Structures are given as C-alpha cells and as structure tokens.
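# Below is the sequence, then the predicted model.
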Amino acid sequence: MIEVCNISKSLPGGRKVLDGISFTVKKGEFVGILGASGAGKTLTLRCLNGLLRPDAGSVIVEDQDGSRWDLCNIAKSRLRRLRRRIGIVFQGYHLVQRLTALDNVLLGRLGQMSTLRSLFYGFTDREREEALSALNKLNIGNVAGMRVSRLSGGEMQRVAIARAIFQSPGLLLADEPLSNLDPSNAKIIMKMIRPLADEMPVIGVFHQPEMTAKYCTRVIAIKQGRVIYDGDPRLTNRQLIDIYGEELEQIENAPHPPVEKPTIVAQNPNEHERDFF
Ligand SMILES: Nc1ncnc2c1ncn2[C@@H]1O[C@H](COP(=O)(O)OP(=O)(O)OP(=O)(O)O)[C@@H](O)[C@H]1O
C-alpha cells in the first residue's frame, strides 16, 4: 500500500506545481493518473519513489517487514533501501542497448547486491533462471539472448517490465509506458501490466483515457497540481473536458475529424532526465 497525504511543491519563484495531492493505493489496484500537459502527473510520480521531496505532506510506503515509512522524512540510507522495492517502467525503456534482454533484466537487482558482488557482476544461476522466467511471463523468453538494440519497441518495453518484476517490488510505477508504442503493442503492455496489480499496487501516468478506461481499476485526474477526480476509470466526455480543458472540447467539436483522443497531450521524451529545482 502507498499513502500519499497532502503533498505540495512550489517552484523557486513561488508557483505551486503540486497543491495538496492525496490518495491511497492498495494491492489489487491498477491506478491510471491522467491530466493535461503540465498538470503535475510526473512530479507526483517522482514524489512516489522519493526522487522528488515535496515541500509538505507525506508519502507512506511499507517495507518488506510491514514497517511504514514516510519517504519525505527519512534517512538517505533507508530511502535507498525502500527505493529498491519500487519498480519503475519508463516511457524511454531505460535499457542498456548493447546488453542482452536477459542481462538487462538481471540489472534490475543490481541495487540489491553487495558492492563486491556487483563489481564482479556475479549473478547466480538461480537469478538467471528467475530473470528468464520474468521474460517468459511477458512472452518474450525467446529474445532473452538477443541484444536489446535489435528488439522492437514493444519487446523493449516488455523487457523493461520484466526488469521491474525481477526486482520483486512492493510497488510498481509506470511513467507513460505506452508513449512509444503503436496501439496494438500498447494494448499488449496494458494487458501485461494489469495482472501485476494482484501482487502489488500499480500506478501509471497515461495520456490515453481509452486505455485507462479499459485496463485500470481506477483513475486519478490531476489538474494544476490538484486531484480533481478519483474514481471509476470510465470517464464521461464532460469529465474528459474538465480534465483536458477547452482544447479537447474544440477537437471533439471539430466538423472534420480525425480525432485521435490518446495523443491530445504533448509529451516530453526527456521527462525523467530533468533535474529538479
Ligand atoms: N525541473 C523543473 N523546473 C521547473 N519547472 C518544472 C520542472 N519540472 C516540472 N516543472 C513544472 O511543473 C509543472 C508540472 O510538471 P509535470 O512534469 O509534472 O507535468 P505533467 O503533468 O507530467 O506534464 P506532461 O504530460 O506534459 O509530461 C509544469 O508546469 C512544469 O513546467
């Protein structure tokens, strides 16, 4: 379970980019975070894995032994330890292109190894079997020995998910995991992510309301740093307009389509690389 309680964050100039965000996500839930460009989705996600410390509020997560910790108010060593239990899937995959799919999955556990072991890259046979089984779970065991640079976008995203699963996380975060995928691969990825929620809370930032409606158990919409909706993933047109604003209304009412709902919002491919203020 993860409990986000009233988190806020302001830019150095004083503009509030997160303004009292609160929600709790439990095992069994696959939550999609929606919102227009600049709404505060990615910043929220960064607070959830301790990459960004809010000015106020708390983000409570559980450690393996059931103890509860506030990521916003915690020693660095404990934060590092807890972050190993948070799996992340990025839009740009974040894979090492020259390594094989299997080796990329194994890297998911690098943070859990002693420095000595990691220096010598010492994965055991058992770990290799587990990594292969993570790839098999995503139906790509057949590409285990292939260099990632030779894989398709959909396969790369599956390797990235396998890497996150292999970490044995207690929480899975996904930052725009469908962004680089065609519609059929996007569906496959959503179908594969959804059952993971049986084992851990899963929270993703998405730009595709029709995907979250179909695969998520719940949607949280953020607008100008605030939660404006939290509930049933199937949103009405009115709700979508509230979330995305007049821009969507204009597109919807345009006499000549083609309306492509999923890509209303511009994306920033370097989101995860930005240094924060
Ligand atoms: N490093 C930064 N420095 C200054 N402002 C930032 C920084 N990162 C984010 N912001 C601002 O905070 C606000 C929220 O950003 P955030 O990245 O969370 O938006 P988002 O909802 O994820 O948008 P998008 O869908 O376009 O990725 C935006 O106005 C953004 O410009």
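On my side now, so go ahead. Numbering: from 1, shown residues only.

# so where is the stretch 151-277 of the chain shaky, pLDDT-wise?
Scanning the stretch 151-277 of the chain with the threshold set as pLDDT under 70 gives 246-277.

# if we go to 50?
257-277 (pLDDT under 50).

# Do you have the strands of it handy? List them.
171-175, 202-205, 218-223, 226-231 (DSSP state E, counting those that start in this stretch).

# Pick the most deeply packed of those strands.
With neighbours defined as mean count of other CB atoms under 10 Å, the strands of the stretch 151-277 of the chain peak in mean count at strand 202-205, which reaches a mean of 26. Any C-beta I mention is one placed from the backbone N, CA and C, and that applies to glycine too.

# partner strands of that strand, parallel or antiparallel?
Taking DSSP bridges as the criterion, strand 202-205 forms sheet pairs with strand 30-34 (parallel), strand 171-175 (parallel).

# Output it as PDB, nothing but the C-alphas.
Listed next in PDB are the C-alpha coordinates belonging to strand 202-205 (Å, rounded to 0.1, in the frame of the first residue of the first chain):
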ATOM      1  CA  VAL A 202       0.400  -0.400  -9.700                       C
ATOM      2  CA  ILE A 203       0.300   3.300 -10.600                       C
ATOM      3  CA  GLY A 204       0.900   4.700 -14.100                       C
ATOM      4  CA  VAL A 205       0.900   8.100 -15.800                       C
END
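
# got the strands paired with strand 202-205 as TSV, with distance to Glu3 columns?
As requested, the strands paired with strand 202-205 are arranged in TSV below (distance: least, CB to CB, whole Å):
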stretch	distance to Glu3
strand 30-34	13
strand 171-175	11
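
# Near the ligand, which residues of the stretch 1-150 of the chain are found?
Counting by CB under 6 Å from any ligand atom, the residues of the stretch 1-150 of the chain lying close to the ligand are 11, 17, 35, 37-43.

# Farthest pair within these?
Farthest apart among those by CB to CB are Leu11 and Gly35. That separation is 17.5 Å.

# Neighbour count for these two, which is higher?
It is Gly35, of Leu11 and Gly35, that has more neighbours when counted by other CB atoms under 10 Å, with 26 against 10.

# got the buried residues for stretch 52-65?
Applying a neighbour-count criterion of 16 or more other CB atoms under 10 Å, one finds 52-54, 57-62 buried in stretch 52-65.

# which outside residues touch that stretch?
1-10, 18, 20-22, 43, 46-48, 50, 68-73, 81-82, 85-86, 170-171, 276 (CB atoms under 8 Å, 6 or more residues apart in numbering).

# Which members of the residues of the stretch 1-150 of the chain next to the ligand occur in helices, if any?
Filtering these for membership in helices, criterion DSSP state H, returns 41-43.

# Name the residues linked to the residue nearest the centre of the chain by a beta bridge.
In the chain, the C-alpha nearest the mean C-alpha coordinate belongs to Ala174, at 1.3 Å (CA atoms, centre = their mean). With DSSP bridges applied, Ala174 shows beta-bridge pairing to Val89, Gly204.

# how much space between it and Lys9?
21 Å (CB to CB, to the nearest Å).

# Domain map for this structure?
2-85+171-273, 93-168 (automatic domain parsing).

# what separates the first one from the chain centre, distance-wise?
In terms of CA atoms, centre = their mean, to the nearest Å, the centre of domain 2-85+171-273 is found 7 Å from the chain centre.

# now swap in the last one and tell me
Using CA atoms, centre = their mean, the mean C-alpha position of domain 93-168 is found 18 Å from that of the whole chain.

# Residue of the stretch 51-200 of the chain closest to the ligand, please.
In the stretch 51-200 of the chain, the residue that lies nearest the ligand is Glu176 (7.2 Å; CB to the nearest ligand atom).
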